[in-house]
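*Asks:* Provide a 3D model corresponding to the input given below.
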Amino acid sequence: MAAKESKKKRFGTIAIDKGYLTEEQLISALKLQVEEDISTGKHRLIGVILYDQGMLDATQIKDILDAMLRAGSAAV
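*Replies:* Residues are numbered from 1 along each chain as shown. So this is what the prediction gives:
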């Protein structure tokens, strides 16, 4: 029996789908996330990074998280 492929969308994908971010903005934030992980050993959530950089506001973040919860996405 073949395993079902997950259809859950991640935070950044939903932000792009909603028109809040471009792919380039997400990639830039993901690069920063990885660089910080490597250099400091601390992991910041992508939503926090995007908020701190002024790319998303609190209302947009809430909207994305609500969409994730409605869809049952575990990667909040």
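
*Asks:* make it CA atoms for all contacts and neighbour counts henceforth
*Replies:* OK.

*Asks:* how far does the longest helix along the chain sit from the chain's center?
*Replies:* Longest helix in the chain, counting residues (DSSP state H): helix 23-40. Between the centre of helix 23-40 and the centre of its chain there are 11 Å (Cα atoms, centre = their mean, to the nearest Å).

*Asks:* helices or strands up against that helix?
*Replies:* With contacts taken as 3 or more Cα pairs under 8 Å, 6 or more residues apart in numbering; DSSP states H and E, helix 23-40 sits against helix 46-52.

*Asks:* buried sites along the helix it packs on?
*Replies:* Using 16 or more other Cα atoms under 10 Å as the test for burial, helix 46-52 gives 46-50.

*Asks:* secondary structure element for the closest residue to Leu26 other than its chain neighbours?
*Replies:* Leaving aside its sequence neighbours, Leu26 sits nearest to Gly12 (Cα to Cα, 6 or more residues apart in numbering; 6.4 Å). Gly12 is located in helix 11-17, with elements delineated by DSSP states H and E.

*Asks:* ok, now Gly19?
*Replies:* Applying DSSP H and E, one finds Gly19 in no helix or strand.

*Asks:* Neighbours of it, how many?
*Replies:* 10 (other Cα atoms under 10 Å).

*Asks:* Could you do the one 10 residues further on as well?
*Replies:* A count of neighbours around Ala29, defined by other Cα under 10 Å, yields 20.

*Asks:* Enumerate every residue touching it.
*Replies:* 46, 49-50 (Cα atoms under 8 Å, 6 or more residues apart in numbering).

*Asks:* out of the buried residues of helix 46-52, which one sits closest to Asp63?
*Replies:* Using Cα to Cα, Gly47 comes nearest to Asp63 of the buried residues of helix 46-52, at 11.6 Å.
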